[in-house]
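Novice: How does the following fold in three dimensions:
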Amino acid sequence: MKPGDILVVHEGTYNEAVDIEASGADDAYLRIIGQGSVILNGEGVQQDGIVLRPGVSYLEIEGIHITGFLGSWGLALYGGNKHIVLRSIEVDHCDAGLRLTVGYSGQPPEFGDTEDVTIEGAYIHHNSVGGLDCTPGPCRRLTVKNSEFAYNGAEAGFGADGVGIETGDHILMENVRSHNNGGDGIDIGSRNPLIRERSADISVEECHVYENGRNGLKLWTGGRVINCMVYSNALCPLVIIYNADYAVVNTLVTRNSREDRDYGMTAGYAQPEPLGKNDDIRLIIFNSIFAFNGPPGEPTGVYVGKGVKLLSDYNIWYSRPDEEIYLEANEKSYSQTDIRDKVWFAETGNDEHSIVADPMFVNLAENNFDLSPNSPAVDKGTPAFQGISAPSIDILGHKRPYGKYDIGPVESGSLEPSEETTRTVTSSQTTTAATTAKSTSETKLEETRGLETSTLIVAITMVVVAAIGSLAFLRLRKPMRSQ
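Specialist: Residues are numbered from 1 along each chain as shown. Sure thing, here's the model as predicted:
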């Protein structure tokens, strides 16, 4: 294959592994496209499913289902890979679903970092030790959108993260669902202090993070959480760790730590073996809801560490009546009454316009977090705070504001898609129970998998592989990898 070629893989099941060493060019990507149901089955194959060898760049892979590479990675970028697009990829029952870079945790990558990687319309599920794994990284300019990471580690009883990015920068997670994984839902930057001193450019937007076996969303060295729902995770749902700038905007954190009692959020909590410092954290929270966290009868509030500069307003706080916020710097707990009566505001300057009240969701028990018409969150948000603008869309891609800005990720009454929204909106409401999450993602996969004939009418070479054929001509000897 040469730059500009398209390889069309016809429908069928291929029982083999594929190694790729050919690259495209800046203006002529190589494209490998599955047409129909294309399955790469790893039964009896002792290799990774699809490997992009070191340095392979300017490549697109679309519409491939990778399954059954037990003890191996489903799809791996070995390092030095740039300008890669993975679209409508499904990976299940492998070791890690998607692996970006090769090497040992905390050490330099064996074959270099990855840069300018886009993952779109992926469904990564039921893998043993991770969904998307960037270890050791770094992953630079990584975009993941319209994708789902689910049940990784569930069958193996392992604390597998849905998304785990050890090091990286310029990372965007947009319209991602990460749920029912054995470990954390999304974990970004755990070893970033080894490669940078302060904030990483990380943004998590319009994401659902729920029912994971450990934490929901962990940001280690900065980032923005915008229009997200973080709920029903086993431990602390929102964890902010090392010195950096953070913002939590129009986000819902609810019904977490229902069995193992933990905070509804921690910022600057001391780590047992820290790689970075937590004495200079800047955290902005506005238009957000923290409610109903902690086990029944044992609610939990949020923890704000001594080194955190908190700037907070236009929120709803409704989890723990006697200790909604614990401020380590003052060694003091602030109750819901303290917030309502402006004691908290008088002593810290925070939450002058915030509300202590039941946010009144449409159906909390069924995870329908739309706002009731008489919810105190309706029209009580702000268009901007501390130099940060509220988003122009809500979690469904509908326009904001509808009237005035609402608090939380859903803009009540707004049904008009924003012209700025490029992702597919598949639902007009936010019932996000695990039983509906998969079908939503599958719909997206089906929509993005459709291959228009017009995309193949191009003035370049086209290679077609029939189902009875073989992909063996792509397979090459690959370097040994580290576990």
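Novice: if I pick the residue nearest to residue 26 when sequence neighbours are not counted, what's in contact with it?
Specialist: Spatial nearest neighbour of residue 26, excluding adjacent residues (CB to CB, 6 or more residues apart in numbering): residue 58 at 6.5 Å. For the C-beta atoms, the positions are set from N, CA and C on the backbone; glycine is no exception. The contact partners of residue 58, by CB atoms under 8 Å, 6 or more residues apart in numbering, come to 3, 23-26, 28-30, 82-84.
Novice: Recalculate using a threshold of 10 Å.
Specialist: 3-4, 22-31, 81-85, 116 (CB atoms under 10 Å, 6 or more residues apart in numbering).
Novice: cool, residue 256 as well?
Specialist: 209-212, 215-216, 230-238, 262-265, 290, 292-294, 300, 319.
Novice: repeat that for 8 Å
Specialist: By CB under 8 Å, 6+ apart, the neighbours of residue 256 are 216, 230-237, 262, 264, 293-294.
Novice: can you check residue 219 too?
Specialist: 188-189, 202, 204, 225, 239-241, 244, 246.
Novice: hmm, 6 Å instead?
Specialist: 188, 240 (CB atoms under 6 Å, 6 or more residues apart in numbering).
Novice: next one: residue 392
Specialist: So residue 392 contacts residue 400 (CB under 6 Å, 6+ apart).
Novice: can you pull the pLDDT of it?
Specialist: Looking at residue 392, its pLDDT reads 97.
Novice: Give me the phi and psi angles of it.
Specialist: phi -90, psi 0 (degrees, to the nearest 10).
Novice: sorry, back to before: now the contacts of residue 256 in TSV, with secondary structure, neighbour count and pLDDT?
Specialist: Listed next are those as TSV, based on DSSP: H, G, I helix; E, B strand; the rest coil; neighbours: other CB atoms under 10 Å; pLDDT from 0 to 100:
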residue	secondary structure	neighbour count	pLDDT
216	coil	32	98
230	strand	33	98
231	strand	25	98
232	coil	22	97
233	coil	29	97
234	coil	20	95
235	coil	20	96
236	coil	27	97
237	coil	31	97
262	coil	23	93
264	coil	28	97
293	coil	29	96
294	coil	19	94
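Novice: Identify, from those, the entry nearest to residue 275.
Specialist: residue 236 (19.0 Å; CB to CB).
Novice: Roughly how far does the residue nearest to the closest one when sequence neighbours are not counted sit from residue 234?
Specialist: In this structure, residue 236 finds its nearest non-sequential neighbour in residue 262, 4.5 Å apart by CB to CB, 6+ apart. Going from residue 262 to residue 234 by CB to CB, to the nearest Å gives 8 Å.
Novice: just residue 304 next, same as before
Specialist: With CB to CB as the criterion, residue 304 and residue 234 are 22 Å apart.
Novice: got it, and residue 393?
Specialist: Counting by CB to CB - residue 393 and residue 234 are separated by 30 Å.
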